[in-house]
Structure formats: structure tokens, C-alpha cells
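Enquirer: Sequence and predicted structure are below.
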Amino acid sequence: MGQFWVTGTLLALVGAAGAAMAQEAVTGDAAGQALYDAKAAEVEMADRDLLPEDQSKVLKMVALDQPYYAAIAISPDEGLMSEATVAAANYHSVEAASAVAVAECNAKKTGAAGCVIAAMVRPEGWQAGQVQLSADATAGFRAGYDGGAMAVSDATGSWGIGADDAAAIAACVERNAAASDCAVIIRN
């Protein structure tokens, strides 16, 4: 389920976020081949000049602890050690995580400049592909998908597995009541 981080504390995401592009449904076999290791992630720093080198190193270390797909937004006027610094983690795309991180950061900032993404977390070896699942959903797929369907919410990072489309969507919503955009992306 999607989460956000504020000055070192990981909290459950309360509000729904802007959705990333919807994924088309694929088979379980295709998904299994396309997914990455749920625990291996890499960090991409967005702008080398955004933070001093020591803060960039700290941010990269913190980012590596976030489950993919994740994005960390900061207020350029306030810097890294601000209440406005937010990491949205465990989404199904960097775009969805970025939308949440920037929105949460902008809601908390006191400076004039809008928040920007400072770091992004993707699976190790990531390349654009047909299916993307959060680290938790990837682990859930590998542990519990044996046919049927899997639904995800781009806005919240929620996911669910069920015997058919309706059951997968219901499981996705049950995991997070704010997940009003659950859609089936894996089905056999």
C-alpha cells in the first residue's frame, strides 16, 4: 500500500493521489517474467545541483530504504531537513509516487517555490515495461498469484488478488478504502 515519509517517519498515505497511466492487463506468466526482485532497488537523483553533496548522500541512503516505486520531494526554498520533505513509496510507478510526493510537499511547504522531486526509487535494473507493480505487490504476486486476477490502484499503491476480476478489485479496495481506481492488470 502506498506510503509517505515526512522527516524520517513512514506513515500510511491518507489521501488519494493523482493516477499514473493505466496499465493494460497481461497474463500471469507475462507478469511473472516482467517483474523485478521485490527487495532490490536503485536510486536516481533528480538534480545534482539541488542539494549540497552531503545532503545528497544522506537522501540517497534514505531513498534506498524506501520500497519501489518511490519519489522524494523537497521544497527548494527549505532544503532537505524540512517538514515539507516527503517520500511517497510503494506505488506502481514513479509517476504515481511523484504526484503524491509533490502534492504532500506542496501542502506542507512554507517557501514560495513549488516542490520538486529530488530522488526516485525503481527496481534494480529497471527498464520501461508492460507491467509494473510496487515492491509489496510484486512480493504478493510471487507468493499468492495462482491464476484469476490481480488489480492495482495507481493513486494509492493498493493491490488485490482474487479468483476473478470482481474479487481482485474488491481485494484491492479492501486493502485501502481510498483506492477508488482499482483496475485489473493481470488475468488468466
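Expert: Cool, the structure landed. All values reported here derive from a predicted model rather than from experimental measurement. Numbers count the residues shown, from 1 in each chain.

Enquirer: for the record, mean pLDDT for the longest strand along the chain?
Expert: Longest strand in the chain, counting residues (DSSP state E): strand 116-123. Confidence for strand 116-123, expressed as mean pLDDT, is 97.

Enquirer: who does that strand touch, helix- and strand-wise?
Expert: Packing partners of strand 116-123 (3 or more CB pairs under 8 Å, 6 or more residues apart in numbering; DSSP states H and E): strand 41-45, helix 53-64, strand 70-74, helix 94-108. All C-beta spots, glycine's among them, are computed from the backbone N, C-alpha and C.

Enquirer: strand partners of it, parallel vs antiparallel please.
Expert: Sheet pairing of strand 116-123 (DSSP bridges) gives strand 41-45 (antiparallel), strand 70-74 (antiparallel).

Enquirer: Any chance of TSV for those, columns mean pLDDT, mean neighbour count and distance to Ser134?
Expert: Shown next, in TSV, are the strands paired with strand 116-123 (pLDDT from 0 to 100; neighbours: other CB atoms under 10 Å; distance: least, CB to CB, whole Å):
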stretch	mean pLDDT	mean neighbour count	distance to Ser134
strand 41-45	95	17	11
strand 70-74	97	30	9
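
Enquirer: closest one to Ser153 among those?
Expert: strand 70-74 (16.0 Å; CB to CB).

Enquirer: who's in contact with that closest one?
Expert: For strand 70-74, the external contacting residues (CB atoms under 8 Å, 6 or more residues apart in numbering) are 5, 41, 50-51, 59, 62-63, 66, 80, 82, 84-91, 94, 97-98, 100-102, 104-105, 115-121.

Enquirer: Swap in 6 Å and give it another go.
Expert: Contacts to strand 70-74, defined as CB atoms under 6 Å, 6 or more residues apart in numbering, come from residues 63, 80, 85-89, 94, 97-98, 101-102, 105, 115, 117-121.
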